[in-house]
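Asks: sequence unknown, structure follows:
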């Protein structure tokens, strides 16, 4: 996702000094993630099946990275294992919903709505703290709601199917929020790569089950798009962000996140001839502003 990926939970509570390599990794990681929706569209398997292969092809590399970084793959306590497995179910449901939405709406919309988890996490944090939003938080909610209303209205003007795609991508952001909340404590025990290994492994049967229920084609004839999806969305994008995120403030991360919808819009225009009007750009700008403001309030 967009950052509909598990890297958000890698962001530490404080940052360290950064250099040009860290900035390049931050930007390149977002660009790699932005290409994910394009590969989903190009895959000749079903969209949910593409999500299965996205995780399945990446699992061995997550195991290798966890071992290299001395993160545990065995000996998990029952409580941690349960949290990881439950988180994996939400992660798989998030991917299934998002990939279905990608097929039905414009790539820019899919990327923005798939990242709505940032705003939902802020809302959950305020609920947990039992306090009212501060100014920037109110602005984040207002911008995101106004921008979403514009984009949803434009999708309804184009086709009801496009509106359904937008709603599926919003649902994906909602499901991703639950994944993050469940996975947070497990990450402290396991480390990021080990968590990705176990949550991806737990998500595989869920995605395979969804694909079977939907009657999707499962085995791709052309492996290129699903291999590209696995490497750009799960390995290159996530790996670069895991390397870079700890060095930047949430505001900088939020600004870098804006490369994702920009790249998705460009891919939609170049590859699928998706054209946007002034209202679309206004809606996207408002949602993007909401995401940046939400990032800037993270704790």
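Replies: Noted; the coordinates are in hand. All of these numbers come straight from a predicted model, not from anything done at the bench. Numbering: from 1, shown residues only.
Asks: Do I have it right that residue 73 meets residue 66?
Replies: Yes: look at residue 73 against residue 66 with C-beta atoms under 8 Å: they come within range, at 5.6 Å. For every residue, glycine as well, the C-beta is placed using N, CA and C.
Asks: More neighbours: which of these two?
Replies: residue 66 (21 against 15; other C-beta atoms under 10 Å).
Asks: Quick check, that one in contact with residue 198.
Replies: No: with contacts defined as C-beta under 8 Å, residue 66 does not count as touching residue 198, sitting 9.1 Å away.
Asks: just the helices in the stretch 51-200 of the chain please.
Replies: Listed in chain order, the helices of the stretch 51-200 of the chain (DSSP state H, counting those that start in this stretch) span 59-68, 78-104, 107-114, 117-129, 135-158, 160-190, 192-214.
Asks: and among the ones you listed, the most buried is which?
Replies: Mean neighbours per residue, mean count of other C-beta atoms under 10 Å, is largest over these for helix 107-114, with a mean of 31.
Asks: Distance from that one to the middle of the chain?
Replies: Here helix 107-114 shows a centroid-to-chain-centroid distance of 10 Å under the convention C-alpha atoms, centre = their mean, to the nearest Å.
Asks: Quickly find the element holding residue 292.
Replies: helix 278-296 (DSSP states H and E).
Asks: Please point out which parts of that helix sit buried.
Replies: Within helix 278-296, the residues that count as buried by 16 or more other C-beta atoms under 10 Å are 280, 282-284, 286-296.
Asks: give the contact list for the closest residue to residue 93 other than its chain neighbours.
Replies: Spatial nearest neighbour of residue 93, chain neighbours left out: residue 175 (4.9 Å); criterion: C-beta to C-beta, 6 or more residues apart in numbering. Counting by C-beta atoms under 8 Å, 6 or more residues apart in numbering, residue 175 makes contact with 90, 93-94, 97.
Asks: just those now: which is nearest residue 243?
Replies: Residue 243 lies nearest to residue 94 out of these, by C-beta to C-beta, at 23.3 Å.
Asks: thinking the closest one is in contact with residue 172, fair?
Replies: Yes: contact criterion C-beta under 8 Å: residue 94 and residue 172 qualify, at 4.9 Å.
Asks: Which pLDDT value does the model give the closest residue in space to residue 39 that isn't next to it in sequence?
Replies: Nearest residue to residue 39, sequence neighbours excluded (C-beta to C-beta, 6+ apart): residue 229, at 3.9 Å. Residue 229 carries a pLDDT score of 94 in this model.
Asks: Please apply the same query to residue 9.
Replies: Listed pLDDT for residue 9 reads 46.
Asks: Next: residue 18.
Replies: 70.
Asks: does it sit in a helix, a strand or a coil?
Replies: With DSSP: H, G, I helix; E, B strand; the rest coil as the basis, residue 18 sits in coil.
Asks: how close does it sit to residue 158?
Replies: Per C-beta to C-beta, to the nearest Å, residue 18 is found 41 Å from residue 158.
Asks: ditto for residue 22
Replies: For residue 22 relative to residue 158 (C-beta to C-beta), the value is 40 Å.
Asks: For the closest residue to residue 148 other than its chain neighbours, list the residues it contacts.
Replies: If you skip the residues right next to it in sequence, residue 148 has residue 287 as its closest partner in space, 6.0 Å away by C-beta to C-beta, 6+ apart. Residues near residue 287 by C-beta under 8 Å, 6+ apart: 112-113, 143-144, 147-148, 151.
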